[in-house]
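S.K.: Predicted model and sequence follow; I will ask about them next.
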Amino acid sequence: MKSDTHPDYHMIKVVMTNGTEFMTRSTYGAEGAELRLDIDPTTHPAWTGGQQTLLDRGGRLSRFKNKYHGILGN
């Protein structure tokens, strides 16, 4: 087998939003790196069945709502 054809898998620690931690193999970072999740299966509406909330980053959502106010029926 050729060398350097496969990614370097190593153990990292994944920290979920509620503080739960687990070890897994990944190509992320280096051996022993820590990956902190912003969204995970315990909080994301796709897995929990909850309502999705839209984050207004940079006022984009507000500008969209103002531009299409009459069309959207708001």
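M.R.: That came in fine, so what should we check first?
S.K.: what residue ranges in the chain score low on pLDDT?
M.R.: Applying pLDDT under 70 to the chain flags the ranges 1, 45-58, 72-74.
S.K.: which residue ranges form the helices in it?
M.R.: Under the criterion DSSP state H, the chain carries helices at the ranges 45-48, 60-67, 69-72.
S.K.: just checking, what packs against the longest one?
M.R.: The reference is to helix 60-67. With contacts taken as 3 or more CB pairs under 8 Å, 6 or more residues apart in numbering; DSSP states H and E, helix 60-67 sits against no other helix or strand. The way it works is simple: take the backbone N, C-alpha and C, and place the C-beta from them, glycine included.
S.K.: going forward can the numbers begin at 51, since that is how I track them
M.R.: Sure, I'll start counting at 51 from here, so that last one is helix 110-117.
S.K.: For it, which residues meet the burial criterion?
M.R.: Under the neighbour-count criterion of 16 or more other CB atoms under 10 Å, helix 110-117 has nothing buried.
S.K.: now do stretch 64-81
M.R.: V64, M66, S76.
S.K.: Name the surrounding residues that touch it.
M.R.: If you take CB atoms under 8 Å, 6 or more residues apart in numbering as the criterion, stretch 64-81 is touched by 57-63, 84-90, 92-93.
S.K.: can you rerun that using 10 Å?
M.R.: Here stretch 64-81 makes contact (CB atoms under 10 Å, 6 or more residues apart in numbering) with 56-63, 82-94.
S.K.: ok, the buried residues of stretch 64-81 vs S112, which is closest?
M.R.: M66 (31.1 Å; CB to CB).
S.K.: Pull up the gap between that closest one and K115, please.
M.R.: Distance, M66 to K115, by CB to CB, to the nearest Å: 33 Å.
S.K.: so how many other residues sit close to I62?
M.R.: By other CB atoms under 10 Å, the residues close to I62 number 19.
S.K.: same thing with A83?
M.R.: 13.
S.K.: got a list of what the nearest residue to it once chain neighbours are set aside touches?
M.R.: Among residues not flanking A83 along the chain, I62 sits closest, at 4.7 Å (CB to CB, 6 or more residues apart in numbering). Contact analysis of I62 by CB under 10 Å, 6+ apart lists 72-85.
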